[in-house]
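Peer 1: Need the 3D shape of this:
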Amino acid sequence: MKDRSDPLSDLRAVLGDAHVLTGDATERFARDWTGKWRADPLAVVRPADTAQVAEVVRLAARHDLALVPVGGNTGLVGGTANEGAVMVSLERMSAIGPVNADAGTVTVGAGAILSDIHDAVAEHGLIFPLTFGARGSARVGGFLSTNAGGSNVVRYGPTRGLVLGLEVVLADGRVLDLMGQLRKDNSGYDLRDLFIGAEGTLGIVTAAVLRLTPAPRHHAAALVAIRDLPASLNLLRRLQEATDGAVEAFEYMPRTYMEALARHRPDLRQPFAIHDHCVMVDLGGLSRPLGDALEAALGEAAEAGEVLDAMIAQNEAQRRHIWEMRETAAEVTFTRLPIVDNDVALPLDGVAPFIERMHDRLARLDARADTLIVAHLGDGNVHLTVYPTRDDAPHLDAIRTMVEDVTVELGGSISAEHGVGLSKLATMTRRKDPVALDVMRAIKAALDPEDRMNPGKVIPPG
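Peer 2: Model prediction:
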């Protein structure tokens with residue numbers, strides 16, 4: 001039976017008045033950074049530790065309230081949008097450490113900011129290799145919830161491969177302790193990976209053990225104008241062979257993106273004339289400088305007519321400048337509305353056919369629509385933004401369906417790293433294997449039978 005007492009009073013009794021936010025005080029949580037998705041929560045609560053999170057969960061059950069975890073609110077798919085829910089911010093649970101340099105691990109709270117983790121482990125000569133443009137605001141709980149990828153996936157893989165342990169508060173208030181530091185554990189179902197990528201629909205992650213790697217002692221980076229996408233893959237192979245797999249990032253930035261970047265950020269000076277195809281290359285090594293290998297590979301590709309121009313960073317400032325050109329992509333993307341944003345994964349050799357087919361079919365749907373593309377080319381993840389000429393829902397859905405068609409034809413996935421949230425529920429209905437959806441619903445029902453944890457996200461209605 002629903003508790004008839006005031007839920008806000010009960011929450012304040014547990015957390016204190018200062019950590020139960022209502023009204024205007026919720027605004028920084030209720031609006032995501034894109035402005036596309038908004039929340040109208042009953043309250044935002046800010047627990048200080050796992051015990052308080054568990055008590056919040058139990059109170060929500062007593063009062064029949066939904067719970068929506070929120071991190072840095074840098075998501076793109078409406079993962080925290082809600083009406084009347086209690087949003088759970090773990091920003092006070094931001095501890096980093098201890099760092100176990102011998103084991104190559106760090107224990108972090110779910111509210112820790114990604115860039116702060118980078119800084120903390122750097123003091124030990126280590127890196128946590130996950131990186132993306134929002135690293136200065138994205139929090140652990142957020143990037144775990146979407147199994148974030150970022151720019152270094154080509155070498156280090158996505159988030160799942162970088163997490164050794166988790167602590168999760170379940171929908172009934174129990175605490176699931178999976179905080180091991182083991183590289184191998186074959187003792188039953190891999191529950192850890194179940195919660196990574198679940199977008200808070202199965203429980204609230206409160207802490208994690210992250211896997212670290214030795215920091216590269218040498219870097220080499222370049223911005224490269226390339227003949228076409230097949231030539232880009234040839235260059236990637238040359239670099240991997242020449243450096244024993246030291247490619248950390250291989251990012252595609254075509255003309256439309258570079259032109260938009262020049263308009264939006266003229267301060268980010270572009271080192272040569274804009275070409276149809278451009279890639280950012282970053283190499284990292286432990287034992288030897290990589291500049292000579294990079295220069296030699298680019299020289300061979302130039303002789304083959306595949307590289308048209310290049311700027312090799314001569315110092316760290318120039319390397320960071322090249323990175324900023326790529327990491328400004330989200331900022332550039334949302335300078336125009338309306339948009340249909342897509343985050344798809346393809347086989348490496350499927351990226352070029354995807355772009356060609358997509359443009360051909362888009363011309364039939366909306367001849368004057370514009371596109372903006374950037375891609376983690378080293379792992380086949382394409383971020384495609386379509387700027388349609390009409391903003392009516394059927395037209396936007398027709399464009400999204402077309403993109404899905406092309407993706408599936410080429411053996412790809414309709415979601416690579418941004419998650420599902422609300423924006424891809426229709427896509428999940430159309431494209432996800434029905435048996436897989438049934439299994440997902442069964443898991444959700446087993447762990448959250450009252451559908452209290454971030455309801456309405458990830459899994460479309462049955």
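Peer 1: C-alpha only now, for contacts and for neighbours.
Peer 2: Fine.
Peer 1: May I have the beta-bridge partners of the nearest residue to L21 once chain neighbours are set aside?
Peer 2: Spatial nearest neighbour of L21, excluding adjacent residues (C-alpha to C-alpha, 6 or more residues apart in numbering): V44 at 5.0 Å. Beta-bridge pairing of V44 under DSSP bridges involves L21, M87.
Peer 1: What's the separation between V44 and T256?
Peer 2: Going from V44 to T256 by C-alpha to C-alpha, to the nearest Å gives 40 Å.
Peer 1: what stretches of the stretch 251-400 of the chain score poorly on pLDDT?
Peer 2: Scanning the stretch 251-400 of the chain for pLDDT under 70 picks out no residues.
Peer 1: Which stretches in it count as strands?
Peer 2: 278-285, 307-312, 340-345, 370-376, 381-387 (DSSP state E, counting those that start in this stretch).
Peer 1: what sits up against the first one?
Peer 2: If you take C-alpha atoms under 8 Å, 6 or more residues apart in numbering as the criterion, strand 278-285 is touched by 216-226, 232, 246-255, 290, 322-323, 326.
Peer 1: and the residue nearest to L21, what does it touch?
Peer 2: V44 neighbours (C-alpha under 8 Å, 6+ apart): 19-22, 26, 29, 86-89.
Peer 1: picking that back up, out of the strands of the stretch 251-400 of the chain, deepest packed?
Peer 2: Mean neighbour count, computed with mean count of other C-alpha atoms under 10 Å, is highest for strand 278-285 among the strands of the stretch 251-400 of the chain, reaching a mean of 24.
Peer 1: Can you show me the CA trace of that strand as PDB?
Peer 2: The C-alpha trace of strand 278-285 is given here as PDB (Å, rounded to 0.1, in the frame of the first residue of the first chain):
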ATOM      1  CA  CYS A 278      40.200  14.200 -43.400                       C
ATOM      2  CA  VAL A 279      41.300  12.000 -40.600                       C
ATOM      3  CA  MET A 280      42.800  12.700 -37.200                       C
ATOM      4  CA  VAL A 281      45.500  10.200 -36.200                       C
ATOM      5  CA  ASP A 282      46.900   9.700 -32.700                       C
ATOM      6  CA  LEU A 283      49.500   7.200 -31.700                       C
ATOM      7  CA  GLY A 284      50.800   6.200 -28.300                       C
ATOM      8  CA  GLY A 285      53.800   4.100 -27.300                       C
END
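Peer 1: Relative to that strand, what are the paired strands and their orientations?
Peer 2: Partner strands and pairing direction for strand 278-285 (DSSP bridges) are strand 218-226 (antiparallel), strand 247-252 (antiparallel).
Peer 1: Now tabulate those strands in a markdown table and tack on distance to D177.
Peer 2: What follows is the strands paired with strand 278-285, written out as a markdown table (distance: least, C-alpha to C-alpha, whole Å):
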| stretch | distance to D177 |
| --- | --- |
| strand 218-226 | 38 |
| strand 247-252 | 33 |
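Peer 1: Need the winner for burial among the ones you listed.
Peer 2: Among the strands paired with strand 278-285, the stretch with the highest mean neighbour count (mean count of other C-alpha under 10 Å) is strand 247-252, at a mean of 26.
Peer 1: how far off strand 370-376 does that strand point, in degrees?
Peer 2: Strand 247-252 runs at 170 degrees relative to strand 370-376, counting by axes from the mean of the first three to the mean of the last three C-alpha atoms, to 10 degrees.
Peer 1: which outside residues touch strand 247-252?
Peer 2: Contacts with strand 247-252, where a contact means C-alpha under 8 Å, 6+ apart, come from 151-156, 236, 239-240, 277-284, 326, 374-378.
Peer 1: again, but for stretch 376-392
Peer 2: Residues outside stretch 376-392 that contact it (C-alpha under 8 Å, 6+ apart) are 150-151, 153-154, 236, 249-252, 333, 336-348, 350-351, 366, 368-375, 396, 416.
Peer 1: and if we set it to 6 Å?
Peer 2: By C-alpha atoms under 6 Å, 6 or more residues apart in numbering, the surrounding residues in contact with stretch 376-392 are 154, 250-252, 339-348, 369-375.
Peer 1: next one: stretch 417-434
Peer 2: With C-alpha under 6 Å, 6+ apart, stretch 417-434 has contacts from 77-79, 146, 148-149, 457-458, 460.
Peer 1: Looking at those, which is nearest L308?
Peer 2: G149 (29.4 Å; C-alpha to C-alpha).
Peer 1: Would you agree the closest one is in contact with P158?
Peer 2: Yes - contact criterion C-alpha atoms under 6 Å: G149 and P158 qualify, at 4.4 Å.
Peer 1: higher neighbour count, the two?
Peer 2: Neighbours were counted for G149 and for P158 using other C-alpha atoms under 10 Å; G149 has more, 24 against 21.
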